[in-house]
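[1] I would like the atomic coordinates for the input below:
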Amino acid sequence: MKHSRTSILFRVCLTLACLCFPATGHADEFLDDNLYYWFESGSVTDTRVWVTGVKNTSATHIVIPSTVVYEWQEQDGDGEYQTRSRTCSVTGIGRAFQNCSTLTSITIPDNVTSIADQAFSCCTDLESMTIGNGVTSIPDQAFFSCSSLASVTIPNSVTSIGRSAFNGCTHLESVTIGNRVTIIGSYAFSSCSGLASITIPDSVTSIGERAFGNCSSLASVTINGNVANDWFSNYAPFFQCTNLAQVSLGNGMTKIGSYMFYNLSSLESVTIGNNVTSIGQSAFSSCSSLASVTIPDSVTSIGGSAFQNCSSLATVMIGSGVTSIGNNAFWGCGSLTSFSLASGNRNYKSANGLLLTKDGTTLIRGVNGDVTIPDGVTNICAYAFNRCTDLTSVVIPDSVQLLANTAFDGCDKLWTSWYRTLANQAAGAGGSGGSGGGSGGSSASRVSMTVTNVVLHYVTQSVPSGAVVPPLSSGLVNVVTEVGAGRAVAIPTEWAEQYPGFEAAFGSDFREAVTQPTGKRDGSGSPMFVWQDFVAGTDPTDPDDVFTASITFDAATGEPVVSWSPELSAAEAAKRVYRIYGKVRLADADWTLLDGDAGDYNFFKVAVEMK
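    Presented below is the predicted three-dimensional model:
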C-alpha cells in the first residue's frame, strides 16, 4: 500500500523510537512497503531517492528495490483530489540501518551509487550482503562492528574503501576487493580477527594506517598494486598482525614503504616483485622469524634499518641493481651466516659470506661462525658484527687500519684470533695471529701500532658523574672533549695549522664548544679516563688527509711512547700522559692497564690525560 504525504509526519514520529533509523524529519519522506525514502535533491519533483529508514525494526532479510513508486494526492480543476504517481530510482542509502541488530542479510541493487557513512554500522547479526555494481565508494564506518559478517565481495565499480569501513567485523573470513579500488582507508579492516588471507589488486595505490591492524588470524598477504605509502612504526598497515607468515609483493609494486611490515614476529617468507626499486626505512625491521630474503635486481636502495633486528635472518641475496645500503640496514641480525651478491653489482660484493664494498676495502656487515676477513679490507664498520652471538673466531688481516669500537658489539662467544695489525712490525710483535683461545701472538712482549684517523677524548678534571660525552665534528677529525668548569684544552698549534677545521669548529680551545661540563668520576671521585678510539675521522686513502698516532712501548722503561702526525712540539707532547690498556677479546668486561708488556692481549686502547 502506498501512503500519501499527509500521513508522513505520523509515520516519522513512530520511527523516532527505532534504534536502527535516525529519523531525518523531511516533510517529503514517504513509505513504500517496509522502507522509508526521501528525495535526493530534497524536491518532490526529483526522480531519485535514498533509503532513509526501516519501519519494521525486527526485519531480518531486506532487499532494497531498484525503483519505488511515489504517490500523492493532487486537486484537479473541479476541486476533486486525484491520485498521482511517479516511479523513482533508488540511488542512495542513508544511515537507514544503523544499529539494526536483528538484520541478517541485505541486498543492494545495481542502481544504488552512494552509501552514507555508518549506514550499516553495528548491525551485529548481519551475516551476508550483496553490494550492487553501481556503488562507487564504501564510506567511513559503513559496516563498522558488523561482528557476524562472514564474507564481503566489493564490486569493480567501487574505487575507495573508507576509514574503519569494516573495522571490528570479527567473523569476517573472506574479502574480495574489486579491481578498480585505489584507496584502502585507515583501519578499514582493522580487528577483523577471523580474516586469514587478503589479496590486494593492482589498482590499489594507497593503504592507510593500520588498515589491517590487529587482524590476528591473518597469515597470508598478496599485494599486486603499486602502493606508495610510507608509515610510522605504530601505524603500519599490518600492525599487530601477529600470525602473518607469508607476504608476496607482485610486479605492480615499485616501492616498499617505511615500516610497511614492521614488527611482524611470525613473518617467515617474503617474495619481492621484480619491479620494486626501493626498500624503505625499517620496512622489515623486527621481523624476528624471517630466515632468508632475496632482493631482486630491480632494487637500487635498501633503507636504513630495513632489516634491523631480524634476529633469525641467516641468508641474504642482494641483486645487481643495489647502489646504496642505509645505516644499520642489518643491525641486530644475529643469525646471519652469509651474504650473496649478484655478479653484476657494481657497488657491493661478498667474500667469505661477508658484505663488502665492491673494492673490498670496507666490511659493512659480518656473519657468524669462524670468520676470516679477506686481505685488502682496511675498514671494519661500526656494528659490523653486531649481535653475531655465534661468532666464535675472527681473523683480521694486516691490511685493516680502521676498526670501529662497536664492530663486535654483542658478540658474546667471540674468542678472537687477532693478527696484530696497524703497523705492528715492531720488535718482537710478530705478524702471526693467535689461536681461537685468544693468544695475541707467538712470543710478543711489546706492542707497536700506527693508528690512522683517531678520535680524541680528553679529560682535564673531575666532572659530575653520569654526564654525557657529546660527539662533536670538525669536518676533518671527530673530537670529543671533557672539560671541567673554568678549564680549557688548547688546540695544538700544529694541528690547527694542518687542519683549519679545528679552529673553525672549536675556536681557540675545546671548551668553547662545550656548554656543559661532561664526563664521569670513579668511586673515589677521581677523574675517569675516556678512551681514545681507533675510529675514522678523515680519509685514510688520502695521504694529505690523515691523522695518525704511532704507539710503542719504550724497550727499557716499558712506558708508552706516542708519536703524532702532524708532529707535536716537545712542549705540547709534555702536557700529555698516556696509558695503554688491553683486552684478550672485545667481549671482555674490563680493560687491563699494560705495563710495557703486551702479553696475550689482542685489542688495545689509549687513555690520554692532560697534565
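[2] how about residue 340, what does it touch?
    By C-beta atoms under 8 Å, 6 or more residues apart in numbering, the contact list for residue 340 reads 315, 316, 317, 318, 350. (C-beta placed from N, C-alpha, C; glycine too.)
[3] does it have beta-bridge partners, and which?
    residue 317 (DSSP bridges).
[4] how much space between residue 113 and residue 90?
    Going from residue 113 to residue 90 by C-beta to C-beta, to the nearest Å gives 10 Å.
[5] what's the answer for residue 337, then?
    For residue 337, the distance to residue 90 equals 64 Å [C-beta to C-beta].
[6] coming back round to it: make a PyMOL selection of the buried ones in the contacts of residue 340.
    Here is the PyMOL selection string for the buried members of the contacts of residue 340, based on 16 or more other C-beta atoms under 10 Å:
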select buried, resi 315+316+318+350
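[7] now the contacts of residue 340 in a markdown table, with distance to residue 169?
    Below are the contacts of residue 340 laid out as a markdown table (distance: C-beta to C-beta, whole Å):
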| residue | distance to residue 169 |
| --- | --- |
| 315 | 39 |
| 316 | 38 |
| 317 | 39 |
| 318 | 40 |
| 350 | 47 |
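[8] Using the record's assignment, carve this structure into domains.
    As assigned by automatic domain parsing, the chain contains the domains 1-98, 452-610.
[9] ranking these by mean pLDDT, which is last?
    Mean pLDDT is lowest for domain 452-610 among those, at a mean of 50.
[10] surely residue 188 meets residue 164?
    Yes - between residue 188 and residue 164 a contact is recorded at 6.7 Å, counting by C-beta atoms under 8 Å.
[11] Could you check which of residue 113 and residue 90 has the larger neighbour count?
    A direct count of neighbours by other C-beta atoms under 10 Å for residue 113 and residue 90 places residue 90 higher, at 23 against 17.
[12] Roughly how far does that one sit from residue 68?
    Distance, residue 90 to residue 68, by C-beta to C-beta: 6 Å.
[13] quick one: common contacting residues for the two?
    Residues within reach of residue 90 and of residue 68 at once, by C-beta under 8 Å, 6+ apart, are 37, 49.
[14] can you count the residues close to residue 288?
    Using other C-beta under 10 Å, residue 288 is surrounded by 16 other residues.
[15] Residue 567 and residue 401, how far apart?
    Residue 567 sits 20 Å away from residue 401, going by C-beta to C-beta.
[16] Compare these two (neighbour count), which wins?
    Neighbour totals were compared for residue 567 and residue 401, and residue 401 leads with 23 against 12 (other C-beta under 10 Å).
[17] so that one sits right up against residue 378, yeah?
    Yes - assessed by C-beta under 8 Å, residue 401 is found in contact with residue 378 at 4.8 Å.
[18] burial count for residue 91?
    By other C-beta under 10 Å, 19 other residues sit near residue 91.
[19] let me redo that: residue 206
    Neighbour number of residue 206 under other C-beta under 10 Å is 15.
[20] got a list of what it touches?
    If a contact means C-beta under 8 Å, 6+ apart, then residue 206 has 182, 183, 184, 227, 228, 229 as its contacts.
[21] what sits against the third one?
    With contacts taken as C-beta under 8 Å, 6+ apart, residue 184 has the following neighbours: 160, 161, 177, 200, 204, 206, 207, 208, 211.
[22] With the fifth one instead?
    Contact partners of residue 228, counting by C-beta under 8 Å, 6+ apart, are 205, 206, 254, 255, 257.
[23] next one: the second one
    Contact partners of residue 183, counting by C-beta under 8 Å, 6+ apart, are 159, 160, 161, 204, 205, 206, 208.
[24] between those, which has the most around it?
    Result: residue 161 is most packed of those (other C-beta under 10 Å), 29 neighbours.
[25] gap between that one and residue 207?
    Here residue 161 is placed at a distance of 10 Å from residue 207 (C-beta to C-beta).
[26] Which strands or helices does the longest strand along the chain pack on?
    Counting by DSSP state E, the longest strand found in the chain is strand 81-93. The helices and strands touching strand 81-93, judged by 3 or more C-beta pairs under 8 Å, 6 or more residues apart in numbering; DSSP states H and E, are strand 35-39, strand 48-54, strand 67-75, strand 114-115.
[27] switch to 7 Å and redo it
    Contacts defined by 3 or more C-beta pairs under 7 Å, 6 or more residues apart in numbering; DSSP states H and E place strand 81-93 against strand 48-54, strand 67-75, strand 114-115.
[28] can you give me the strands in the stretch 251-400 of the chain?
    255-256, 269-271, 278-279, 292-295, 301-302, 315-318, 324-325, 338-341, 348-351, 354-357, 362-365, 369-372, 379-380, 391-396 (DSSP state E, counting those that start in this stretch).
[29] got JSON lines for the ones you listed, with mean pLDDT and distance to residue 108 too?
    Converted to JSON lines, the strands of the stretch 251-400 of the chain look like this (pLDDT from 0 to 100; distance: least, C-beta to C-beta, whole Å):
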{"stretch": "strand 255-256", "mean pLDDT": "96", "distance to residue 108": "35"}
{"stretch": "strand 269-271", "mean pLDDT": "97", "distance to residue 108": "36"}
{"stretch": "strand 278-279", "mean pLDDT": "97", "distance to residue 108": "41"}
{"stretch": "strand 292-295", "mean pLDDT": "98", "distance to residue 108": "43"}
{"stretch": "strand 301-302", "mean pLDDT": "97", "distance to residue 108": "45"}
{"stretch": "strand 315-318", "mean pLDDT": "98", "distance to residue 108": "48"}
{"stretch": "strand 324-325", "mean pLDDT": "96", "distance to residue 108": "50"}
{"stretch": "strand 338-341", "mean pLDDT": "97", "distance to residue 108": "53"}
{"stretch": "strand 348-351", "mean pLDDT": "97", "distance to residue 108": "55"}
{"stretch": "strand 354-357", "mean pLDDT": "97", "distance to residue 108": "55"}
{"stretch": "strand 362-365", "mean pLDDT": "96", "distance to residue 108": "55"}
{"stretch": "strand 369-372", "mean pLDDT": "88", "distance to residue 108": "61"}
{"stretch": "strand 379-380", "mean pLDDT": "88", "distance to residue 108": "64"}
{"stretch": "strand 391-396", "mean pLDDT": "79", "distance to residue 108": "62"}
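[30] Compare the ones you listed and give me the one nearest residue 233.
    Taking C-beta to C-beta, strand 255-256 is the member of these nearest to residue 233, at 15.0 Å.
[31] Each with direction, which strands does that closest one pair with?
    Here strand 255-256 has these sheet partners by DSSP bridges: strand 278-279 (parallel).
[32] coming back round to it: dump the helices and strands packed on strand 81-93 into a markdown table; add distance to residue 145 as well.
    Shown next, in a markdown table, are the helices and strands packed on strand 81-93 (distance: least, C-beta to C-beta, whole Å):
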| stretch | distance to residue 145 |
| --- | --- |
| strand 48-54 | 18 |
| strand 67-75 | 29 |
| strand 114-115 | 16 |
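[33] How about the contacts made by residue 246?
    Counting by C-beta atoms under 7 Å, 6 or more residues apart in numbering, residue 246 touches 219, 220, 268, 269.
[34] Just list whatever residues bridge to it.
    Residue 246 has the following beta-bridge partners by DSSP bridges: residue 220, residue 269.
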